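A.B. asks: All I have is the shape, not the residue letters:
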C-alpha cells in the first residue's frame, strides 16, 4: 500500500495555518507577511475571480500565525512583484476602495 507522504509533492502547496482574521481588523497595523497563495475564488459573483490568502504574524509574536483572505488585485500584484522579499513587514492601508501594502 502506498503512503501519501511518500509520493505527494507538498513543497508546492505550503500549509497556510493560523487563525482567520478579517482584513479590516489588521488595517494600519504592522504585520509580517510569511507566505501567500492565489487561487480561484469560490464566489462566482465577485469582482475579481481570484482569491488571495495571506499567512502573517505580528512582529512581537512571530510564532503565532494568522491568515486573511482578500479579492484585492492590488495586494495580489504587490505580492507577486515582491515575492522574493518574503518574509517582510508591512502595513495594509485602505485608500478609497482599494487596499495596498505600505
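C.D. replies: That came through, no problem. Predicted model only: the values in this text are computed from it and were never measured.
A.B. asks: Show the subsequent helix or strand relative to the longest helix anywhere in the chain.
C.D. replies: The longest helix of the chain (DSSP state H) is helix 73-81. Next helix or strand after helix 73-81 toward the C-terminus (DSSP states H and E): strand 88-95.
A.B. asks: Pull out the buried residues from that following strand.
C.D. replies: Buried residues in strand 88-95, counted by 16 or more other C-beta atoms under 10 Å: 90, 92. Placement of C-beta: from N, CA and C, glycine included.
A.B. asks: Report all helices and strands that it contacts.
C.D. replies: For strand 88-95, the packing partners by 3 or more C-beta pairs under 8 Å, 6 or more residues apart in numbering; DSSP states H and E come out as strand 30-40, strand 98-101.
A.B. asks: what's that strand in contact with?
C.D. replies: When contacts are defined by C-beta atoms under 8 Å, 6 or more residues apart in numbering, strand 88-95 is touched by residues 23, 26-33, 59, 75, 82, 99-102.
A.B. asks: now stretch 18-32, how far from the centre of its chain.
C.D. replies: Its chain's C-alpha centre and that of stretch 18-32 lie 10 Å apart, by C-alpha atoms, centre = their mean, to the nearest Å.
A.B. asks: Could you do stretch 65-83 as well?
C.D. replies: Between the centre of stretch 65-83 and the centre of its chain there are 5 Å (C-alpha atoms, centre = their mean).
A.B. asks: Thank you kindly, that will do.
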